[in-house]
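*Asks:* okay, structure incoming, though there's no sequence with it:
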C-alpha cells in the first residue's frame with residue numbers, strides 16, 4: 001500500500017504490485033488472514049492511530065513485521081541532551097516538518113506489544129548494516145520486530 005502518487009508510479013515502473021490507499025483508514029479492504037505477513041517498514045512512527053493499525057495488521061495477516069527508528073539510540077539521546085530534536089539518516093526531518101508523530105524506543109514498543117496482547121517472535125536491532133547485540137536500546141539506531149497475536 002502506498003499513498004504518494006510518485007511512489008505509486010515508481011512501484012509500477014519497477015513491476016511492484018501496489019494499492020493506493022491511506023493506512024490511517026485501515027486495512028478494511030482485505031479479508032481476515034489474507035496474508036502470512038503484513039510488513040510496515042519505517043512507517044509505524046508516522047501513523048496517528050498506532051494500536052488500531054497494529055491490530056488490523058494481525059487481523060489481515062498471521063504475523064506482522066515492523067521496522068522503525070529507535071529514539072533511544074545514544075546519538076538521538078545526545079541531540080536531546082544538547083537541547084535539540086535529533087536529525088540523522090534514520091530521522092532525517094526537522095521537528096517542524098517531520099511526518100513522525102510517535103517516536104519510540106525499543107522498550108516502549110515492547111511495552112506496547114505486551115499491553116495489546118502481541119507476542120514478539122523475533123527482534124533485530126541494527127546500526128547501519130551491523131546487528132547490535134549489546135545494549136540494543138542504547139546502541140541500535142533501527143529496530144525490526146516480528147510479532148503475532150499472543151496465544
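*Replies:* Received it, and whenever you're ready, just let me know what you need. Note that the structure is predicted; figures quoted are calculated from it, not measured.
*Asks:* ok, now how distant is the closest residue to residue 142 other than its chain neighbours from residue 143?
*Replies:* Leaving out its chain neighbours, the residue that sits closest to residue 142 by CB to CB, 6 or more residues apart in numbering is residue 126, at 4.8 Å. Placement of C-beta: from N, CA and C, glycine included. Distance from residue 126 to residue 143, counting by CB to CB, to the nearest Å: 8 Å.
*Asks:* who has more neighbours out of the two?
*Replies:* residue 143 (25 against 17; other CB atoms under 10 Å).
*Asks:* go ahead and confirm residue 141 touches residue 73.
*Replies:* Yes. With contact defined as CB atoms under 8 Å, residue 141 reaches residue 73; the gap is 4.6 Å.
*Asks:* ok so, going back, who's in contact with the residue nearest to residue 142?
*Replies:* Counting by CB atoms under 8 Å, 6 or more residues apart in numbering, residue 126 touches 132, 140-144.
*Asks:* now list the buried members of those residues.
*Replies:* When those are checked for burial by 16 or more other CB atoms under 10 Å, the buried set is 132, 140-144.
*Asks:* now residue 143: how far from residue 19?
*Replies:* 26 Å.
*Asks:* so where's this structure shaky on pLDDT?
*Replies:* Within the chain, the stretches with pLDDT under 70 are 26.
*Asks:* measure the residue lying farthest from the centre of the chain to residue 134 for me?
*Replies:* Centroid-distance maximum for the chain: residue 82 at 26.3 Å, with CA atoms, centre = their mean. Counting by CB to CB, the gap between residue 82 and residue 134 amounts to 25 Å.
*Asks:* can you check residue 9 too?
*Replies:* 42 Å.
*Asks:* now for residue 141 and residue 73: what residues contact both?
*Replies:* Contacts common to residue 141 and residue 73, judged by CB under 8 Å, 6+ apart, are 90, 127.
*Asks:* residue contacts, residue 150?
*Replies:* 117-119.
*Asks:* one more pass at 6 Å, please.
*Replies:* 117, 119 (CB atoms under 6 Å, 6 or more residues apart in numbering).
*Asks:* if I look at it, how far off is residue 27?
*Replies:* 20 Å.
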